[in-house]
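>>> Just a sequence and a predicted model for now, questions to come.
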Amino acid sequence: MARYLQLLYRSVARYEDFHPSDLDILREAVRFNAAHGITGILLRVDEQFFQVLHGPAENIEGLAARIKSDARHRHMEVLLCEEAEEASPYGNWSMAYDSLMGFEQKLGLQENGRYPEIATERARELVAVLAKTASSVDTYGSAFPYSRFPGEEDAAYLARLDGLA
Ligand SMILES: Cc1cc2nc3c(=O)[nH]c(=O)nc-3n(C[C@H](O)[C@H](O)[C@H](O)COP(=O)(O)O)c2cc1C
């Protein structure tokens, strides 16, 4: 039986705010993930990325190593990597995308100039927040124009992303 993993990381994006290169990331992610049983959500939190990846262990490990060396972000820090059920909390979405502001989840830079420490329990809470965000985008949509429309399939989302690039 294949082992499944759920991995959460945070990193600091090269660009401080949404940037068109985010759309390139999404296009690559949707194509690759759909072909490799990977699902999840990428969240822009001001200049940070939070991403959760769910899928077969080998695929998740290989992808995380590639993502780590991507110059579009730095300081990738794995916050949680746990065995997971085969059924994905992200449905059939290869990669969802949304944005929130740091203060909404107390994730922004602190007065001491550092990002908050995220211990295991907090990381589990964040995984739940990300799963809820993905499901809410799937049901109600998002104010963020680069998110998926409710129920939008991979192919339609890809075509829209190509048009936005
Ligand atoms: C924040 C971030 C998230 C990414 N997420 C994914 C992803 O979920 N799936 C994916 O295939 N590539 C993702 N990428 C892109 C990969 O890092 C890499 O560029 C892409 O897989 C192509 O790899 P290659 O140039 O080795 O073929 C992401 C990159 C960044 C910066």
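Cool, the structure landed.
>>> Where does the prediction get shaky in this structure?
Low-confidence segments of the chain, defined by pLDDT under 70: 165.
>>> ok, residues contacting the longest helix along the chain?
As assigned by DSSP state H, the longest helix anywhere in the chain is helix 120-140. Helix 120-140 is contacted by residues 6, 8, 40-41, 43, 50, 52, 79-80, 89-91, 93, 96, 98, 100, 105, 118, 142, 147-148, 150-151 when judged by CB atoms under 8 Å, 6 or more residues apart in numbering. Bear in mind the C-beta positions are built from the backbone N, C-alpha and C, glycine included.
>>> Got a quick PyMOL command for the buried subset of the residues you listed?
Buried members of these, defined by 16 or more other CB atoms under 10 Å, are picked up in PyMOL with:
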select buried, resi 6+8+40+41+43+50+52+79+80+89+90+93+96+98+100+105+118+142+147+148
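>>> Residues of the protein that sit close to the ligand?
25, 28-29, 32-33, 42, 49, 51, 63, 66-67, 70, 72-73, 95 (CB under 6 Å from any ligand atom).
>>> Narrow those to just the buried residues.
Ile25, Ala29, Asn33, Leu42, Phe49, Gln51, Leu63, Ile67, His73, Met95.
>>> Kindly indicate which of these lies nearest the ligand.
Taking CB to the nearest ligand atom as the measure, the ligand lies nearest Ala29 of these, at 3.3 Å.
>>> Determine how far the strand or helix carrying the closest one lies from the middle of the whole chain.
Using DSSP states H and E, Ala29 falls within helix 20-35. Counting by CA atoms, centre = their mean, to the nearest Å, helix 20-35 is centred 11 Å from the centre of its parent chain.
>>> tell me what that helix is packed against?
For helix 20-35, the packing partners by 3 or more CB pairs under 8 Å, 6 or more residues apart in numbering; DSSP states H and E come out as strand 39-45, helix 154-164.
>>> and among the ones you listed, the most buried is which?
Across the helices and strands packed on helix 20-35, averaging neighbours per residue (mean count of other CB atoms under 10 Å) puts strand 39-45 on top, at a mean of 23.
>>> what are the pairing partners of the helix or strand that it is followed by, and which direction each?
Of the helices and strands lying after strand 39-45 in sequence (DSSP H and E), the nearest is strand 48-56. Its sheet considered, strand 48-56 pairs with strand 4-13 (antiparallel), strand 39-45 (antiparallel) by DSSP bridges.
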